[in-house]
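In: My questions are about this predicted structure, shown below with the sequence.
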Amino acid sequence: MLNHCIEEPPSTNRGVQRQNIDTDYLSSCIDWCQITLKGTHSLETVIESILKIPLDLMLGDIPMKGFSGHRVIAGFGNIKVAVPTGKNSYDGYQLLMSGSGCRDYEYFLKANNETWIDFFQRVKTYDINFPRIDLAIDDRKTYLKVRDLIKLCKENLISSKFKVTTSYSSQTHTEDETLSCGDTLYLGSSSSEIRIVFYEKGYEQAKKYNIESPIDWNRYEIRFRNDSARKVIDELCSHNNIAVVACGILKDKVRFLELPADKSQSRKRLFPTYPAWEEFINNIQKIKLSMNPNPIDEYLERNRAWLIKNVAPSIKMQIIWDEMTTPEHGILDEIENTKLNTKQLLALETFKIHQSFKKSNLNKTPFNH
């Protein structure tokens, strides 16, 4: 069986015993889920019956940022329930989970002994649309070098149904920018019903976890919108197999090529497949849909670690300076009176509510109501 996505990727893949490269290095996940729920349902129904999240956990006094003509009325972490405003008004709700929101929701799926397929099958019993669904394939072997794929596109060694190809190379950035950006290749436009994105997630993670060298980690996202999103959910629910869906889309939409031995050959369909792409396609046929829930207090723990490393020495210096100069308002007074931003308030409220559920042992049983 495949291991689930690891919470914090290792800083290197060197030295790993490669019993089964596919099992060790390839996984997949839902990385964006946006659903339009039509009709006059109560908010309680949306939260408790559809999402199956405790109502109190979604209803807080902390405002959350809205999106695309919608006002958020309930949320937990990056799970948002919103209603339309202004000209976009309609009867219903918008459910939005970003990549991090999907990881947040997997906490509740696991608590309810459910999978994404269970959730999608339940949602499909309502009058809904899927504005956007993202499937992500995580490649920690890095079968593909994104820079090489960009080069193949520039050399026209690609057979694709996408009319628009865009790339961003780390070679165009400064050294500091390169560490955080890496290389990215987009197939399809931002408005396409299907768009494929190849990028070096290891650079993003290196910056996030303050690691000097980029991690061996690529992510390949297939982004579906509207009718294509609905079709991919139907496929997932029918096959219960993300490999069938992902592999079918990739095979149908794109093939990277290499020059044929016969230089006179001009028909792309007869060009040999780029070996790294062929190996990757063969191996993703074995991946499974994994879940990697975010720890409830992950944000607070990361923030504390960052403060201890980067801010605590400066605070200590200010405390010593206050003792020497006796200002009217010392640094500790300033900290006491400072205002927290929305994200900080929400993180604390989320953790506080989680602790109350933990004490009553609700976190050990399914969230059924």
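Out: Perfect, thanks for sending it. Numbering: from 1, shown residues only.

In: what comes up buried for stretch 311-328?
Out: Neighbour-count burial for stretch 311-328 flags 318, 322 (criterion: 16 or more other Cβ atoms under 10 Å). The C-beta positions use only the backbone N, C-alpha and C, and glycine is treated the same way.

In: Determine how far it lies from the middle of the whole chain.
Out: Centre-to-centre, stretch 311-328 and its host chain are 40 Å apart (Cα atoms, centre = their mean, to the nearest Å).

In: what pLDDT, on average, does it get?
Out: Across stretch 311-328, pLDDT averages out at 88.

In: what ranges do the strands span in the stretch 51-200 of the chain?
Out: Assigned by DSSP state E, counting those that start in this stretch, the strands in the stretch 51-200 of the chain fall at 70-76, 79-84, 92-97, 128-139, 158-160, 165-168, 184-187, 194-199.

In: got these as JSON lines, with mean neighbour count and distance to F351 columns?
Out: JSON lines is the format used below for the strands of the stretch 51-200 of the chain (neighbours: other Cβ atoms under 10 Å; distance: least, Cβ to Cβ, whole Å):
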{"stretch": "strand 70-76", "mean neighbour count": "20", "distance to F351": "11"}
{"stretch": "strand 79-84", "mean neighbour count": "22", "distance to F351": "15"}
{"stretch": "strand 92-97", "mean neighbour count": "23", "distance to F351": "20"}
{"stretch": "strand 128-139", "mean neighbour count": "20", "distance to F351": "27"}
{"stretch": "strand 158-160", "mean neighbour count": "17", "distance to F351": "46"}
{"stretch": "strand 165-168", "mean neighbour count": "16", "distance to F351": "36"}
{"stretch": "strand 184-187", "mean neighbour count": "22", "distance to F351": "34"}
{"stretch": "strand 194-199", "mean neighbour count": "20", "distance to F351": "31"}
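
In: Settle this for me: L59 is touching A74, isn't it.
Out: Yes. Between L59 and A74 there is a contact under Cβ atoms under 8 Å: 5.6 Å.

In: joint contacts of these two?
Out: Common neighbours of L59 and A74, using Cβ atoms under 8 Å, 6 or more residues apart in numbering, are I47.

In: Next, work out how far apart K154 and L185 are.
Out: To L185, K154 is 10 Å away according to Cβ to Cβ, to the nearest Å.

In: Give me the most central residue, the protein.
Out: G99 (2.5 Å; Cα atoms, centre = their mean).

In: Not counting sequence-adjacent ones, nearest residue to that one?
Out: D31 (4.6 Å; Cβ to Cβ, 6 or more residues apart in numbering).

In: what does N294 give?
Out: That would be R103: by Cβ to Cβ, 6+ apart, it lies 4.2 Å from N294.

In: List the contacts of R269.
Out: Shown in contact with R269 (Cβ under 8 Å, 6+ apart): S159.

In: In a strand, it, correct?
Out: No. Assessed by DSSP: H, G, I helix; E, B strand; the rest coil, R269 does not belong to a strand; its assignment is helix.

In: which residue packs closest to L340, ignoring adjacent ones?
Out: L348 (7.6 Å).

In: Distance check, R195 against V83.
Out: Distance, R195 to V83, by Cβ to Cβ: 28 Å.

In: Can you report how many residues lie near I335?
Out: Using other Cβ atoms under 10 Å, I335 has 10 neighbouring residues.

In: Next, give phi and psi for it.
Out: The phi and psi values for I335, taken as degrees, to the nearest 10, are phi -70, psi -40.

In: next one: I35
Out: Dihedral angles of I35 (phi, psi; degrees, to the nearest 10) stand at phi -130, psi 130.

In: Tell me which residues touch it, please.
Out: So I35 contacts 94-96, 123, 128-131 (Cβ under 8 Å, 6+ apart).

In: Model confidence for it, exactly?
Out: 98.

In: Specify the beta-bridge partners of it.
Out: L95 (DSSP bridges).

In: Dump the C-alpha coordinates for stretch 206-226 into CSV.
Out: Coordinates of each C-alpha in stretch 206-226 appear next as CSV, following Å, rounded to 0.1, in the frame of the first residue of the first chain:
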residue,chain,number,x,y,z
ALA,A,206,12.2,24.8,1.8
LYS,A,207,11.1,28.4,2.4
LYS,A,208,8.2,27.4,4.6
TYR,A,209,10.3,25.3,6.9
ASN,A,210,13.4,27.4,6.7
ILE,A,211,15.5,24.6,5.0
GLU,A,212,18.6,25.7,3.3
SER,A,213,18.4,23.4,0.3
PRO,A,214,15.2,22.7,-1.8
ILE,A,215,13.5,19.4,-1.0
ASP,A,216,13.1,16.7,-3.7
TRP,A,217,9.4,17.3,-4.2
ASN,A,218,7.4,18.2,-7.4
ARG,A,219,3.7,18.6,-7.5
TYR,A,220,1.6,18.1,-10.6
GLU,A,221,-1.9,19.6,-10.4
ILE,A,222,-4.9,19.0,-12.7
ARG,A,223,-7.3,21.8,-12.2
PHE,A,224,-10.9,21.2,-13.3
ARG,A,225,-13.7,23.8,-13.6
ASN,A,226,-17.4,23.7,-14.0
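
In: In this structure F120 contacts N240, no?
Out: No. With contact defined as Cβ under 8 Å, F120 does not reach N240; the gap is 10.2 Å.
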